[in-house]
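Peer 1: Pasting a predicted model and its sequence here:
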Amino acid sequence: MKLVRIYTITGTIETVTGLHIGAGKDSIEIGGMDNPVIKHPHTGEPYIPGSSLKGKVRSLLEWALHKVDPKGEVWGSNKQTKIDNINEDEVLRIFGTTHEDWSGGPTRVSVRDCHLTEACRKAVHERGLPFTEEKTEVVIDRIQGKAAGNIGPRKTERVPAGMEFDLEIQFRVIDTGDGGKRDMQCLNRLIEGLKLLEKDALGGSGSRGYGRIRFKNLAVDGKSIQEKFDAIGEVKIDAPAMIVEA
């Protein structure tokens, strides 16, 4: 087993609708926002954690590849679950596992935190705009047909539509006796996962219209794959669309 190559996927994530990736209860202040977004502790600017991006893409690929654990757990996290041909499993190769039967090598993907692009940051400063917006929501009383009196309104903080973040993902291709062929398939499967995310939603409240994003200027090791990415259609279980060749 040996490392063959590390590929770097770069691009831009643009918010198409308001994006909410929560900061957690610990960051709520008296008189502050009910549901703040996560922000950099020094700059106060919102960002997209790599863990949020990685987790959502993994979840979507698990569904697309029929890898949903019956108990709803992360695929491969239940050490008691028998997984046939486990070392060839695309999801486990890409995203990693602690399964006791695993001997397929290290996690292939590393997803970096996504910070605002310099151009976006400059444009926001020049126009004197905030980095986030407040969205007010209410609960409707089903009988009276108006806002329920004892609940809300509540305010949710979002990154507004039109903001742009830098994307950077590293992917390790490891030769496990096949010259890295299986991992090249996994790299292309990961890119399909990004397309699934574009069709779904990132962060919270996706069913209410939050979290739509678009990938732009996608490239692998500096070579554009945007046209091929835009053409990705249905995800087929037997083999991924080959966007990147060795």
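Peer 2: Arrived safely. Numbering: from 1, shown residues only.
Peer 1: I'd like to know which helix or strand in the protein has the lowest mean pLDDT.
Peer 2: strand 146-147 (a mean of 77; mean pLDDT, DSSP states H and E).
Peer 1: helix or strand right after it?
Peer 2: Using DSSP states H and E, the helix or strand that directly follows strand 146-147 along the chain is strand 154-158.
Peer 1: Name the residues of that next one that are buried.
Peer 2: 156, 157, 158 (16 or more other CB atoms under 10 Å). The way it works is simple: take the backbone N, C-alpha and C, and place the C-beta from them, glycine included.
Peer 1: middle-most residue in the chain, spatially?
Peer 2: Geometric centre of the chain, nearest residue: residue 53, 2.2 Å, by CA atoms, centre = their mean.
Peer 1: can you give me the helices in this structure?
Peer 2: In the chain, the helices defined using DSSP state H lie at 50-64, 90-95, 118-127, 181-199, 226-230.
Peer 1: what is the orientation angle of the longest one with helix 50-64?
Peer 2: Compare the direction of helix 181-199 with that of helix 50-64 by axes from the mean of the first three to the mean of the last three CA atoms, to 10 degrees and you get 100 degrees.
Peer 1: In the sheet, which strands lie alongside the longest strand belonging to the chain, parallel or antiparallel?
Peer 2: If you go by DSSP state E, the chain has its longest strand at strand 2-15. Note on strand 2-15: by DSSP bridges, its sheet partners are strand 164-175 (antiparallel), strand 213-220 (antiparallel).
Peer 1: And for that strand, what's in contact with it?
Peer 2: 48, 114, 117, 159-175, 179-180, 183, 187, 190-191, 212-222, 226, 244 (CB atoms under 8 Å, 6 or more residues apart in numbering).
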